[in-house]
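Participant: Can you look at this prediction? I've put the sequence above it.
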Amino acid sequence: MALPSESVTLNNLAVSTIDSWLPDLVDDFFVSNPLTARLLSRDNVILDGGYQIRQNLIYAGVGGGSHATGTPYDTSIKQFMTAMIFTWKELYAPLAMDELDNAKNQGAAAVVDYALSLQDVAELSLFDTFGTQVFQVTPGTNDLDSLITGIPNYNSSAVYGGITADTSAQGIAIAPNVTNRVNTSGGLFSWDMLQNTYGAVTYGDQEPDLIVTTQAIYNKMVLRAIPGQRWRSEDLKKVFGATGIGYNKADIMVDQHCPSGYIFCLNTKYWKLVLNRSRNFIRRSSLYGLNRFPIYNDSQWVDQIVTQCDLVDTSPRLSGYISSVS
């Protein structure tokens, strides 16, 4: 026989329970994957506003050089900076309950259980949406700018922040002609392969600090790393609770959303997660002074947890990736 079941009363307890977990959702979100954990530790999670997201980009120097008495200095005004422009992207998780459950309620405990279940599912759904979009090879029009779009290849005609990756000074600034910065040939994993890309995005003391890959590739790294005892990752252990492998100045971490065959070498000092300060993990109904949206021709109410944000690479030449790794 079928087991008996209880329904849910959509009263103040249900509403306040759902409301109360939003701050926890924000805290959990920032440690939901290695990239956001590292950005949080660097204070690179930015609350901002405005019509668009603007990021200054220095694409040229001002010249100069040797000088001798009797020869003129170059006094011409140089153009050396522009701005990358990004549009806000919105992520959401839906909330919905049936008002007819009011008549079937058998106790307050059911309210708490149902609300917490809805909380967990909505939270995990939002994390999954973010994690999936961060690693998309070809993001949709309304999706976040992904890691791959933030690392355009040399002279590929890809557009990032309104700037085309071509042979202009601005294009080379975001996509320099450097071998192995973007390696799409891949092949069997080797430390030589990783070092070639790591070195291609190293300038002086600026080196990648986070390497993200799949579990399958990470497993191969572990087998090759054990003799060298490369274990490290103390900062991510404190923030993210993970161990990882230490490689030069970087921590190698697994992200389950990372597409098959990819290794990302990221200098997270120059990556930002920009959040709109007025839509930062809030219930959309609160923007209208409501605690939910009733469906006027049905016995149901709905709501959405929303956040407007985008992932921005402020210096694309300092990060790289490898694909087709086996």
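Facilitator: All right, it came through fine. The structure displayed is predicted, hence computed values, not measured ones.

Participant: Name the nearest residue to Tyr321, sequence neighbours excluded.
Facilitator: Distances taken as C-beta to C-beta, 6 or more residues apart in numbering put Phe264 closest to Tyr321, at 4.7 Å, once the chain neighbours are dropped. (Each C-beta comes from the backbone N, C-alpha and C, glycine too.)

Participant: In which helix or strand does the one you found reside?
Facilitator: Using DSSP states H and E, Phe264 sits in strand 263-266.

Participant: so who does Ser162 touch?
Facilitator: Ser isn't right for residue 162; it's Gly. Met84, Ile85 (C-beta atoms under 8 Å, 6 or more residues apart in numbering).

Participant: tell me which element Ser278 is part of?
Facilitator: Assessed by DSSP H and E, Ser278 sits inside strand 271-283.

Participant: residues of that strand that come out buried?
Facilitator: For strand 271-283, the neighbour count (16 or more other C-beta atoms under 10 Å) marks Trp271, Lys272, Leu273, Val274, Leu275, Asn276, Arg279, Phe281, Ile282, Arg283 as buried.

Participant: Direction included, what does it pair against?
Facilitator: For strand 271-283, the paired strands and their directions (DSSP bridges) are strand 45-48 (parallel), strand 300-313 (antiparallel).

Participant: now the ones you listed in JSON lines, with distance to Gln133 and mean pLDDT?
Facilitator: Output for those, formatted as JSON lines (distance: least, C-beta to C-beta, whole Å; pLDDT from 0 to 100):
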{"stretch": "strand 45-48", "distance to Gln133": "16", "mean pLDDT": "81"}
{"stretch": "strand 300-313", "distance to Gln133": "9", "mean pLDDT": "88"}
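
Participant: quick one, which of those is nearest to Ala216?
Facilitator: Set against Ala216 and scored by C-beta to C-beta, the strands paired with strand 271-283 come closest in strand 300-313, at 24.5 Å.

Participant: continuing past that closest one, what's the next helix or strand?
Facilitator: The helix or strand immediately downstream of strand 300-313 is strand 320-322, counting by DSSP H and E.

Participant: before we move on, back to that, neighbouring contacts of the strand holding Phe264?
Facilitator: Identification of contacts with strand 263-266 by C-beta under 8 Å, 6+ apart yields 35, 147, 151, 189, 194, 197-198, 201, 208-213, 217, 250, 258, 319-322, 325.

Participant: Now, those residues that are in strands?
Facilitator: Leu210, Ile211, Val212, Thr213, Ala250, Gly320, Tyr321, Ile322 (DSSP state E).

Participant: Quick check: the last one vs Ser156, distance?
Facilitator: Note on Ile322: its distance to Ser156, by C-beta to C-beta, to the nearest Å, is 16 Å.

Participant: So those two - more neighbours on which side?
Facilitator: Ile322 (27 against 14; other C-beta atoms under 10 Å).

Participant: show me the contacts for the more buried one.
Facilitator: Ile322 neighbours (C-beta under 8 Å, 6+ apart): Asn183, Thr184, Gly186, Met193, Leu194, Thr197, Tyr262, Ile263, Cys265.

Participant: The fourth one touches Val325, doesn't it?
Facilitator: Yes. With contact taken as C-beta atoms under 8 Å, Met193 and Val325 are classed as touching, separated by 7.3 Å.

Participant: Could you report the neighbour count for Ile46?
Facilitator: So Ile46, with other C-beta under 10 Å, has 14 neighbours.

Participant: low-scoring pLDDT stretches of this structure, where are they?
Facilitator: By pLDDT under 70, the low-scoring segments of the chain are 1-32, 59-60, 80, 99-120, 226-243.

Participant: if you count what's nearby, which of Met193 and Val325 comes out ahead?
Facilitator: A count of neighbours by other C-beta under 10 Å puts Val325 above the other of Met193 and Val325, at 23 against 18.

Participant: Would you quantify the distance from that one to Asn33?
Facilitator: Distance of Val325 to Asn33, computed by C-beta to C-beta: 20 Å.

Participant: Just grab the bridge partners of Val45 for me.
Facilitator: Counting by DSSP bridges, Val45 is bridged to Leu273.

Participant: residues contacting it?
Facilitator: Listed by C-beta under 8 Å, 6+ apart, the contact partners of Val45 are Phe30, Thr36, Leu39, Lys272, Leu273, Leu275.
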